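# next input, structure requested:
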Amino acid sequence: MVCFVPREDGKLRYQSDFQMKIAGAESNCAIGLQKLGHSACWISRVGADEFGEFVKRSVRAEGVSISGVTEDGEHRTGVMFKQTLAGNETTVTYYREGSAASFLSPNDISDEQIKGAKILHLTGITPVLSDSCKKAVYRAIELAKGYHVPVSFDPNIRLKLWKGQDHTNLIRDLAGRADYLLMGREEAEYLYGTGESERLQAMLCRQGTVRYLAVKNGSQGAKVCSATELISIPPYPCHCIDPIGAGDAFNAGFLSGILEGKSLEECGMIGAVCGAMATQTRGDIEGYLSKEELARLLSGQKAAYR
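Numbering: from 1, shown residues only. The predicted structure follows:
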């Protein structure tokens, strides 16, 4: 989507000066991975309009392949607005009903896109947008399983997009198909009735098929686990301005660790650092770290500015 971010805090009714940025959980994660030195391809649909061109140019400028993006001549690109009130969490207003992205379908998912991947990352946002989006997500998972490509999934629950419908069973089903399940503590409580890592570990890793589980808990840090490990990841210090996009940055960092053969604890630490740094800007991706910046932070070094 295109995202309009006011330059000042306050209710939208009083704003007249906005910055135009991009937003979207899957594209955020792709950009985060690309910045960390990995190649990424984003699959979606955008309108054949100026906003669609802006989205494509912005994603491509970050090095992410847009070969999987379809230009839709019949439907517009989705839009959202952010509202930031001092001392309160950022809120968003969506204008994406009938958008090009909501018409994503299985026909937009090709074998070539999936079989060459090392990880397929999906979120719970796309499948609730429309029936065709849901089918596209299941098609992508089907192909990934057929080509032995691990699946990463973030429930990314957005109740505003559920429009009064209950998609809990859908999200739980998709989560159960993931090799790497990356979710917030509140999402875990919503989906499974508990945010306790030990219970989630038993339920999803020992009794289920999830290989790695990360339970993100914002300023409280995170818990990461497998069937045999349960590790607490402390929060990384930061000055939070806007938390939106932090979860996607955590995902990118965590998955980059997996791609580099890091231990579960290292994956969690990388995710925590990436997530924390993402909160220090108003845009979703502007605070995302490069591979060099991450290495410097992990080693405790300070940048030389003069």
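# do you have the strands of the stretch 151-300 of the chain handy? List them.
151-154, 180-184, 212-216, 222-225, 230-233 (DSSP state E, counting those that start in this stretch).
# determine the set of other helices and strands touching the first one.
The helices and strands touching strand 151-154, judged by 3 or more Cβ pairs under 8 Å, 6 or more residues apart in numbering; DSSP states H and E, are strand 120-123, helix 131-146, strand 180-184, helix 246-259. C-beta here means a position set from N, CA and C on the backbone, and glycine is covered the same way.
# any chance of those in a markdown table, plus distance to residue 168 and mean neighbour count?
Putting the helices and strands packed on strand 151-154 into a markdown table (distance: least, Cβ to Cβ, whole Å; neighbours: other Cβ atoms under 10 Å) gives the following:
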| stretch | distance to residue 168 | mean neighbour count |
| --- | --- | --- |
| strand 120-123 | 15 | 25 |
| helix 131-146 | 14 | 18 |
| strand 180-184 | 13 | 25 |
| helix 246-259 | 19 | 26 |
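# which stretch among these comes nearest residue 159?
strand 180-184 (13.0 Å; Cβ to Cβ).
# re earlier: CSV please, covering the strands of the stretch 151-300 of the chain and showing distance to residue 10 and mean pLDDT.
What follows is those, written out as CSV (distance: least, Cβ to Cβ, whole Å; pLDDT from 0 to 100):
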stretch, distance to residue 10, mean pLDDT
strand 151-154, 30, 98
strand 180-184, 27, 98
strand 212-216, 29, 98
strand 222-225, 32, 98
strand 230-233, 35, 98
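# against residue 36, how distant is residue 96?
According to Cβ to Cβ, to the nearest Å, residue 96 and residue 36 sit 28 Å apart.
# okay, now the unreliable bits of the stretch 1-150 of the chain?
Applying pLDDT under 70 to the stretch 1-150 of the chain flags residues 88.
# contacts only, for the closest residue to residue 284 other than its chain neighbours.
In space, and not counting its chain neighbours, residue 284 is closest to residue 245: 3.4 Å by Cβ to Cβ, 6 or more residues apart in numbering. The contact partners of residue 245, taken as Cβ atoms under 8 Å, 6 or more residues apart in numbering, are 23, 28, 278, 279, 283, 284, 285, 287, 288.
# check contacts around the closest residue to residue 236 other than its chain neighbours.
Distance criterion Cβ to Cβ, 6+ apart; nearest residue to residue 236, sequence neighbours excluded, is residue 276 at 3.9 Å. For residue 276, the contacting residues are 235, 236, 237, 238, 246, by Cβ under 8 Å, 6+ apart.
# top of the residues you listed by number of neighbours, please.
For these, the largest neighbour count, defined by other Cβ atoms under 10 Å, is 24 neighbours, found at residue 246.
# isn't that residue right next to residue 283, touching?
No: using Cβ atoms under 8 Å, residue 246 is not in contact with residue 283, being 11.8 Å away.
# sorry, back to before: pick out whichever of the contacts of residue 245 sits closest to residue 165.
residue 23 (22.8 Å).
# distance of that closest one relative to residue 160?
Distance of residue 23 to residue 160, computed by Cβ to Cβ: 14 Å.
# what does residue 248 give?
From residue 248 to residue 160 the distance is 17 Å (Cβ to Cβ).
# go on, residue 253?
Distance, residue 253 to residue 160, by Cβ to Cβ: 27 Å.
# wait, residue 11 touches residue 85, no?
Yes: counting by Cβ under 8 Å, residue 85 is a contact partner of residue 11 at 7.1 Å.
# list just the nearest of the contacts of residue 276 to residue 101.
residue 246 (21.9 Å).
# which residues sit in contact with that closest one?
Counted by Cβ under 8 Å, 6+ apart, residue 246 has contacts 218, 275, 276, 278, 279.
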